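[1] Take a look and give me a structure for this.
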Amino acid sequence: MNKYEEPWEKLDSEFDYFLLDMKPYVLKHPNKTERQRCAIWIKKLCDLASCGSSLTGRENRNMYARLLLHMLKRGILEEPFINKPQPGSLKTLPTYMSIYFDEPLSGLSREQNNAGLPDWVSGELADRTDDSWADALLKGKTSSISKPANHRYGSVSNVSHM
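    The predicted structure follows:
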């Protein structure tokens with residue numbers, strides 16, 4: 001492993017931890033519309049073409065993921081997650097959003113994997129019939145990172161009927 005791969009791998013592993021921790025909060029969220037909006041955000045965060053494959057792009061992606069996880073744990077979604085993500089590149093998370101990071105996140109999984117779009121996110125997007133933008137995302141390219149067979153690709157039954 002060369003010295004340039006290590007920071008990227010660390011950021012990708014951290015992102016995977018955030019995704020794994022988000023899963024139960026998204027799946028059990030009482031509001032179907034917000035669950036689906038979370039799935040759209042997660043899809044965007046899993047797409048390196050939108051986030052950027054550089055260290056800075058991955059750090060920004062991880063900040064969004066950490067913020068989303070924090071809000072899901074609190075049970076209240078706020079900016080920027082009250083709206084669908086804008087098309088194109090992920091904007092840099094404003095520095096004032098770091099106030100949310102004052103509270104520590106706990107319970108990170110020890111299992112590692114590579115980034116990609118989890119089936120449970122696809123399930124939420126697939127159930128969304130009233131939004132052509134979500135349909136377009138489903139047909140689009142999901143990620144430029146390899147997709148190994150691991151826990152993120154385990155199937156979850158249709159969660160929208162919880």
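
[2] Just the buried residues of the longest helix anywhere in the chain, please?
    Looking across the chain with DSSP state H, the single longest helix is helix 5-27. Neighbour-count burial for helix 5-27 flags 11-23, 25-27 (criterion: 16 or more other C-beta atoms under 10 Å). From N, CA and C alone the C-beta is placed, and that goes for glycine too.

[3] Now do the same contact list for residue 8.
    Listed by C-beta atoms under 8 Å, 6 or more residues apart in numbering, the contact partners of residue 8 are 53, 55, 58.

[4] Next one, pLDDT for the first one please.
    According to the per-residue confidence, residue 53 scores 86 in pLDDT.

[5] Next: the last one.
    The predicted local distance difference test score for residue 58 is 94.

[6] list the buried ones in the helix or strand harbouring residue 63?
    Per DSSP states H and E: residue 63 is located in helix 55-74. The neighbour-count check on helix 55-74 (16+ other C-beta under 10 Å) flags 57-72 as buried.

[7] Could you identify the most distant pair in those?
    Greatest spacing in these, by C-beta to C-beta: 57 and 72 (22.6 Å).

[8] So for whichever helix or strand comes after the longest helix of the chain, mean pLDDT?
    Per DSSP H and E, the first helix or strand lying C-terminal to helix 5-27 is helix 32-46. Average pLDDT, helix 32-46: 95.

[9] Tell me which other helices or strands helix 32-46 touches.
    On a contact count with 3 or more C-beta pairs under 8 Å, 6 or more residues apart in numbering; DSSP states H and E, helix 32-46 meets helix 5-27, helix 48-51, helix 55-74, helix 119-126, helix 132-139.

[10] Try it again at 7 Å.
    Based on contacts counted as 3 or more C-beta pairs under 7 Å, 6 or more residues apart in numbering; DSSP states H and E, the elements that helix 32-46 packs against are helix 5-27, helix 55-74, helix 119-126, helix 132-139.

[11] so where is the chain shaky, pLDDT-wise?
    1-5, 101-117, 122-162 (pLDDT under 70).

[12] do that again at 50, thanks
    1, 106-115, 129-138, 140-162 (pLDDT under 50).

[13] now residue 91: how far from residue 97?
    11 Å (C-beta to C-beta, to the nearest Å).

[14] One more: residue 29?
    For residue 29 relative to residue 97 (C-beta to C-beta), the value is 21 Å.

[15] Could you check which of these two is surrounded by more residues?
    residue 29 (20 against 16; other C-beta atoms under 10 Å).
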